[in-house]
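Participant: could you work out the structure for the sequence below:
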Amino acid sequence: MNQEALKQLLQQVQAGDLEVDEAIKGLKNLPFESMGFATLDHHRALRCGFPEVIYCPGKTVEQVRIIFGKLADVGGQVLATRASQEQYDAVVADIPAAEYHSAARAITLRQGDPVVPVGNIAIVAAGTSDLPVAHEARVTAEIMGAQVSTYFDVGVAGLHRLLACKSDIQDANVIVAVAGMEGALASVVGGLVDVPVIAVPTSIGYGASFGGVAALLAMLNSCASGISVVNIDNGFAGGYISAMINRQTAGAKNE
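Facilitator: Residues are numbered from 1 along each chain as shown. The predicted model follows:
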């Protein structure tokens, strides 16, 4: 149950429109629900601002279908990452409103009143090969309510491509820089802006890139001060953290 749904439930009780026993039925699965193979944290949205997210690899098609349905029943937004087409087909058979983002390998379900995106997140990707991770960051940030702009294939091998969109990137509240190979993009972006940069190393590159370790170490060793780094290929974390920062920043600007 998300914060808005809980608030409405309590208001109904306060107004006398809902009996206490009925309200208890609505709260019976809080704060968590055990299904044997999974224990769902229904209080995550209340504590952290967004519901629990489903990580699909390692889960069967049936497990993803059941977990997604249980989270959907609570009434909030639902996000499943690294999902296969087969897992999506099982979900959408039960929940026709679920959407599959093939580039991001993610399933989303938007519920409740339409949310007007807030703030401004810039997602910058070095190369086309980095786009699956960049799209995962984008989909995550968007379902968390952020306004997102994307700048793709602007790596340091052609620096003029990045500089051409420099002013737009500088207007963002937070930037997600996605790059493999030597991972230099994050350092360059960090030297151009006065906002936090979330660096996401990818596993793209030839042998000596060591599956993204070279990019990871380069980003961790960046001399640009405003950079924080997430794990290799973890576009979800980049999108999630950037959305949290963006939410705080947008809220402060509106005060």
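Participant: let me see the contact set for residue 237.
Facilitator: In this structure, residue 237 makes contact with 198, 200, 230, 231, judged by CB atoms under 8 Å, 6 or more residues apart in numbering. Every C-beta, even on glycine, is put in place using the N, C-alpha and C of the backbone.
Participant: and the helix or strand harbouring it, average pLDDT?
Facilitator: With elements taken from DSSP states H and E, the one containing residue 237 is helix 235-254. For helix 235-254, the mean per-residue pLDDT is 88.
Participant: list the buried ones in it?
Facilitator: Neighbour-count burial for helix 235-254, counted by 16 or more other CB atoms under 10 Å, picks out 235-247, 249-250.
Participant: how close does the nearest residue to residue 203 once chain neighbours are set aside get to residue 48?
Facilitator: Leaving out its chain neighbours, the residue that sits closest to residue 203 by CB to CB, 6 or more residues apart in numbering is residue 212, at 3.8 Å. Using CB to CB, to the nearest Å, residue 212 is found at 27 Å from residue 48.
Participant: show me the helices in the protein, by range?
Facilitator: Counting by DSSP state H, residue ranges of the helices within the chain are 3-15, 20-27, 44-48, 61-74, 85-94, 131-143, 159-163, 166-170, 185-190, 213-220, 235-254.
Participant: any stretches of the stretch 1-150 of the chain with poor pLDDT?
Facilitator: Scanning the stretch 1-150 of the chain for pLDDT under 70 picks out the ranges 1-6, 8-9, 23-30.
Participant: let's see it at 80
Facilitator: The stretch 1-150 of the chain contains residues with pLDDT under 80 at 1-10, 13, 17-35, 39, 41-49, 113.
Participant: rewinding a little: the residue nearest to residue 203 reaches residue 232, doesn't it?
Facilitator: Yes - in terms of CB atoms under 8 Å, residue 212 counts as a neighbour of residue 232; the distance is 3.7 Å.
Participant: out of the helices of the chain, nearest to residue 103?
Facilitator: Set against residue 103 and scored by CB to CB, the helices of the chain come closest in helix 131-143, at 4.2 Å.
Participant: any idea how far the closest one is from the chain center?
Facilitator: How far helix 131-143 lies from its chain's middle: 6 Å, per CA atoms, centre = their mean, to the nearest Å.
Participant: kindly report the same for stretch 92-112.
Facilitator: 14 Å.
Participant: need the contact partners of it.
Facilitator: Contact partners of stretch 92-112, identified using CB under 8 Å, 6+ apart, comprise 2, 4-5, 54, 65, 68-69, 72, 75-85, 87-88, 91, 131-132, 135-136, 138-140, 143, 235.
Participant: with stretch 152-161 instead?
Facilitator: For stretch 152-161, contacts defined as CB under 8 Å, 6+ apart pick out 124-128, 131, 134, 162, 164-165, 179, 181, 184-185, 188.
Participant: so what's the residue count around residue 152?
Facilitator: By the criterion of other CB atoms under 10 Å, residue 152 has 17 neighbours.
Participant: and it, what pLDDT?
Facilitator: Looking at residue 152, its pLDDT reads 96.
Participant: could you check how far it is from residue 58?
Facilitator: As judged by CB to CB, residue 152 and residue 58 stand 30 Å apart.
Participant: name whatever forms a beta bridge with residue 101.
Facilitator: Under DSSP bridges, the beta-bridge partners of residue 101 are residue 106.
Participant: picking that back up, only whichever of the contacts of stretch 92-112 are buried, select them in ChimeraX.
Facilitator: What follows is the ChimeraX syntax selecting those of the contacts of stretch 92-112 that are buried according to 16+ other CB under 10 Å:
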select :2,5,54,65,68,69,72,75,76,77,78,79,80,81,82,83,87,88,91,131,132,135,136,138,139,140,143,235
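Participant: follow-up on the earlier one: and which of the contacts of stretch 152-161 is nearest to residue 42?
Facilitator: residue 134 (30.8 Å).
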